[in-house]
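In: Here is a sequence with its predicted model. Questions after.
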Amino acid sequence: MKTIHVVVYGVHSQDWTNAFAPESELWHSLPQVGQVSCIEADPGELERLMADSSLEVVAIPLMEEHADRLPPRVARFHPSRPVSDLLRNKRQTLDYAAAQGFGHWCPEVYAEVSQIRFPCIIKRVDLNASAGVDIAHSRRGLAARLGSALELPPDVVVQAFVYGSEEYATYLVMEEGEILWDATFCYEMEFSDVVRRPGTAPAQRVATPGRILAQFRDFLVPLRYSGPCNVDYKIRPNGEAAIFEVNPRLGGSLMKHENLDLRREAVALILDRARCP
């Protein structure tokens with residue numbers, strides 16, 4: 001087994017910093033890891049580090065924008081730039097789902113104000129972790145959030161609200177559209193008509209239903225998806241996932257100390273399959 005130098009590329013929240021710190025327990029049982037460095041998403045600094053390192057360097061970009069800044073000759077296991085761009089833009093993701101014939105797996109999208117039924121969900125197309133997501137309960141509430149009740153701006157999508165006090169996040173590592181590993185958390189919210197914000201609902205590990213995994217595979221296999229991702233959703237009465245977002249990266253619950261075992265499993269797969277694009 002070759003020994004590698006892992007570079008955690010980019011800076012995010014304190015949870016993520018602690019989870020990937022060189023002194024983290026994460027690395028203790030990964031025998032292929034000889035050295036760990038954490039740097040900002042600076043291609044020049046990474047190039048210098050690669051030149052100075054005696055080991056093969058494998059990068060783990062934390063967020064999508066960090067992956068964008070990886071030099072081409074560094075090994076990584078992350079979706080291609082076109083796939084990442086598609087999934088991190090909520091409108092493009094919804095358009096892709098509709099074109100593939102599974103738009104019904106996502107909450108209904110309202111193309112015009114006249115179609116909207118309340119309550120509805122308003123989402124910025126370019127943000128994550130529930131930033132830019134809000135509920136409107138009336139035409140007046142919609143206007144207060146959008147600045148107009150007459151037309152929908154291009155940087156938001158408006159969708160039907162899906163009721164339910166349980167929300168789920170499934171974390172995946174995939175290769176060419178096939179699922180190599182999964183872990184799911186259920187978030188129990190106090191009310192069924194709120195937006196889940198980070199840290200506002202306790203997370204409990206649960207088994208991922210086979211039907212849900214099959215849905216996610218079918219959603220991503222046309223993209224030949226390779227790398228980590230996380231899917232946010234609720235489960236409809238028929239057992240099907242109502243997919244809210246598919247994010248091309250790892251996710252926050254894996255960064256909690258109590259989920260070290262899951263983080264280690266995911267990272268081990270990422271390191272094993274890392275290649276230069």
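Out: Done, it's in. If you're wondering where the values come from, they're calculated on a predicted model, not measured in any experiment. Numbers count the residues shown, from 1 in each chain.
In: what residue ranges in this structure score low on pLDDT?
Out: 127-131, 148-150, 191-194, 196-200 (pLDDT under 70).
In: mind giving me the domain ranges of it?
Out: Listed domain ranges for the chain are 4-77, 83-104+163-248, 108-160 (source: automatic domain parsing).
In: Can you lay out those domains as CSV showing mean neighbour count and distance to residue 266?
Out: Using the backbone N, CA and C atoms, a C-beta is placed for each residue, glycine as well. What follows is these, written out as CSV (neighbours: other Cβ atoms under 10 Å; distance: least, Cβ to Cβ, whole Å):
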stretch, mean neighbour count, distance to residue 266
domain 4-77, 17, 10
domain 83-104+163-248, 17, 5
domain 108-160, 15, 18
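In: nearest to residue 257, of the ones you listed?
Out: Comparison of these against residue 257 by Cβ to Cβ identifies domain 4-77 as nearest, at 7.7 Å.
In: would you list the domains of the chain in a markdown table and tack on distance to residue 267?
Out: Shown next, in a markdown table, are those (distance: least, Cβ to Cβ, whole Å):
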| stretch | distance to residue 267 |
| --- | --- |
| domain 4-77 | 7 |
| domain 83-104+163-248 | 9 |
| domain 108-160 | 20 |
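In: Tell me which of those lies nearest to residue 277.
Out: Short answer: domain 4-77, nearest of the domains of the chain by Cβ to Cβ, at 6.2 Å.
In: Span of that closest one from start to end?
Out: With Cα to Cα, to the nearest Å as the measure, domain 4-77 spans 14 Å from end to end.
In: Relative to the whole chain's centre, how far out is it?
Out: 19 Å (Cα atoms, centre = their mean, to the nearest Å).
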